[in-house]
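Participant: Attaching a predicted model along with its sequence, questions to come.
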2 protein chains.
Amino acid sequence: MSLRHAVLGMLSVTSCTGYELTQWFDSSLQHAWHASHSQIYPELARLEAEGLAEVVEEGARRSKTYAVTDAGREELKRWLMETEPNRAQRNETALRWFLVFRLDPDDRRAALERELEFVEAAAAQRRALTEQLDAEGKTGGFRPVLDLAARVDPAMIGWLRDQIEATKTE
Amino acid sequence: MSLRHAVLGMLSVTSCTGYELTQWFDSSLQHAWHASHSQIYPELARLEAEGLAEVVEEGARRSKTYAVTDAGREELKRWLMETEPNRAQRNETALRWFLVFRLDPDDRRAALERELEFVEAAAAQRRALTEQLDAEGKTGGFRPVLDLAARVDPAMIGWLRDQIEATKTE
DNA sequence: TAACGCATGTAATACGTTACATGATTCT
DNA sequence: AGAATCATGTAACGTATTACATGCGTTA
């Protein structure tokens, strides 16, 4: 169960409401982690009940801002340092890119072109975000990690292009 | 639901038993897709009931070898070409590499060193597999995909090394 | 013949997604 | 006042993991 640690970790970056967490998981973090509000709100309630997070502010529209407690930071550290990462996770993109070789060249090209389109759009989006963060003076050593998660590695774009070319001479 | 298509896809590569599929999902394919036998056997039964796969051989120890049918190949093609990939998937490695920046430099170095060790071992393992496949004369354009799934890209290894160095001067 | 690995299956529980449901505030 | 968005919550359903359970075939 690491939805708990994803939430705890995000709260340790900055205190926020369940709604803001949901948006975060839906947008900038979407390729690394995704969770819907119906999971997030109950998890926040559980974290509070167990003393790992606390409500630090109640605002408009019944909104509650949560912050991580010392016990929560301890738990996050314990998870990061002492638990074995679960590396056997599903990656639909990798599965599709693997299985696309079962298609005949024309169909494969069509499928790969769609992937290339998506990956290039993701790369452009991430470049824009990076430039914006740089302009704001925020450097974050972790940005390549998000590229990794979003599979916008330049080598992968090159690989997709090569595979598309290859379908034309088969 | 794409466990179904993972199974169908693997059967389209080569006919095999549920046990062999389980091993495949546990070993060479583990970073792209994982599933345990308790999911695989019922799914094979459902695929057979729906005419997407069929039992082509019954061997020792009650074993059943399944093969994909024409309808199954159609369905696989439909999935690959017509359905929108689910790109909002969880990646515990990316989450951890992102959250590790919440740790102080010493703890962070320890955590990153463990990751580097794992990634280097995975890279070595994959190199060995590649050499073996090359020796057998099997080329597979999809191998970089498995690297992607296993997150053993050389750029990532370099990034981990850089981050470890950075903790030493903080 | 006992132990081990092959091979399959089901049951209980945990987790995740989708759909349903409601109220508060802001904007037009 | 009505529409849109903010903000939270629960219920129903589907999927995944873990634990339980069994039998066949080979090897020591």
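Facilitator: Everything's here; your move.
Participant: what does the domain assignment say about chain A?
Facilitator: A:3-82, A:92-168 (automatic domain parsing).
Participant: Quick one: those as a markdown table, columns for mean neighbour count, distance to DNA strand D and mean pLDDT too.
Facilitator: No exception for glycine: its C-beta is placed from N, CA and C like everyone else's. As requested, the domains of chain A are exported to a markdown table (neighbours: other C-beta atoms under 10 Å in any protein chain shown; distance: least, C-beta to the nearest atom of the strand, whole Å; pLDDT from 0 to 100):
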| stretch | mean neighbour count | distance to DNA strand D | mean pLDDT |
| --- | --- | --- | --- |
| domain A:3-82 | 17 | 3 | 96 |
| domain A:92-168 | 17 | 10 | 87 |
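Participant: Redo the ones you listed as CSV? Include distance to residue B:27.
Facilitator: Below are the domains of chain A laid out as CSV (distance: least, C-beta to C-beta, whole Å):
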stretch, distance to residue B:27
domain A:3-82, 25
domain A:92-168, 14
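Participant: contacting residues for residue A:39?
Facilitator: Residues near residue A:39 by C-beta atoms under 8 Å, 6 or more residues apart in numbering or on different chains: residue A:3.
Participant: Name the residue closest to the centre of chain A, please.
Facilitator: Centroid-nearest residue in chain A: residue A:32, 2.2 Å away (criterion: C-alpha atoms, centre = their mean).
Participant: Specify the angle between the stretch of helix or strand residue A:148 belongs to and helix B:143-150 in degrees.
Facilitator: In this assignment (DSSP states H and E), residue A:148 forms part of helix A:143-150. Inter-element angle recorded for helix A:143-150 and helix B:143-150: 120 degrees (by axes from the mean of the first three to the mean of the last three C-alpha atoms, to 10 degrees).
Participant: As a markdown table, the domains of chain A with distance to DNA strand C would be great.
Facilitator: Formatted as a markdown table, the domains of chain A follow (distance: least, C-beta to the nearest atom of the strand, whole Å):
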| stretch | distance to DNA strand C |
| --- | --- |
| domain A:3-82 | 3 |
| domain A:92-168 | 11 |
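Participant: can you tell which of these is closest to residue B:146?
Facilitator: domain A:92-168 (7.2 Å; C-beta to C-beta).
Participant: centre of the chain versus that closest one, how much separation?
Facilitator: 15 Å (C-alpha atoms, centre = their mean, to the nearest Å).
Participant: Give me the angle between the biggest helix by length in chain A and helix A:143-150.
Facilitator: What stands out as the longest helix in chain A, according to DSSP state H, is helix A:105-135. Counting by the same axes, to 10 degrees, helix A:105-135 points 160 degrees away from the direction of helix A:143-150.
Participant: now the strands for chain A?
Facilitator: Using DSSP state E, the strands found in chain A span residues A:16-17, A:53-58, A:64-68.
Participant: Identify the residues contacting residue A:46.
Facilitator: For residue A:46, the contacting residues are residue A:4, by C-beta under 8 Å, 6+ apart.
Participant: Okay, it and residue A:9: tell me how far apart.
Facilitator: Going from residue A:46 to residue A:9 by C-beta to C-beta, to the nearest Å gives 16 Å.
Participant: Then residue A:151?
Facilitator: Between residue A:151 and residue A:9 the computed distance is 22 Å (C-beta to C-beta).
Participant: quick one on the thing from earlier: contacting residues around the helix holding residue A:148?
Facilitator: A:28-29, A:31-32, A:122, A:126, A:130, A:133, A:153, B:91, B:94, B:97-98, B:151, B:153, B:155-156, B:159.
Participant: try stretch A:107-124
Facilitator: A:31, A:93, A:96-97, A:100-101, A:103, A:150-152, A:154, A:156-157, A:160-161, A:163-164, A:167-168, B:77, B:80-81, B:85, B:87.
Participant: switch the cut-off to 6 Å
Facilitator: Stretch A:107-124 is contacted from outside by A:100, A:150, A:152, A:157, A:160, A:163-164, A:167, B:80-81, using C-beta atoms under 6 Å, 6 or more residues apart in numbering or on different chains.
Participant: what sits against the residue nearest to the centre of chain A?
Facilitator: Contact analysis of residue A:32 by C-beta under 6 Å, 6+ apart lists A:149, B:91, B:94-95.
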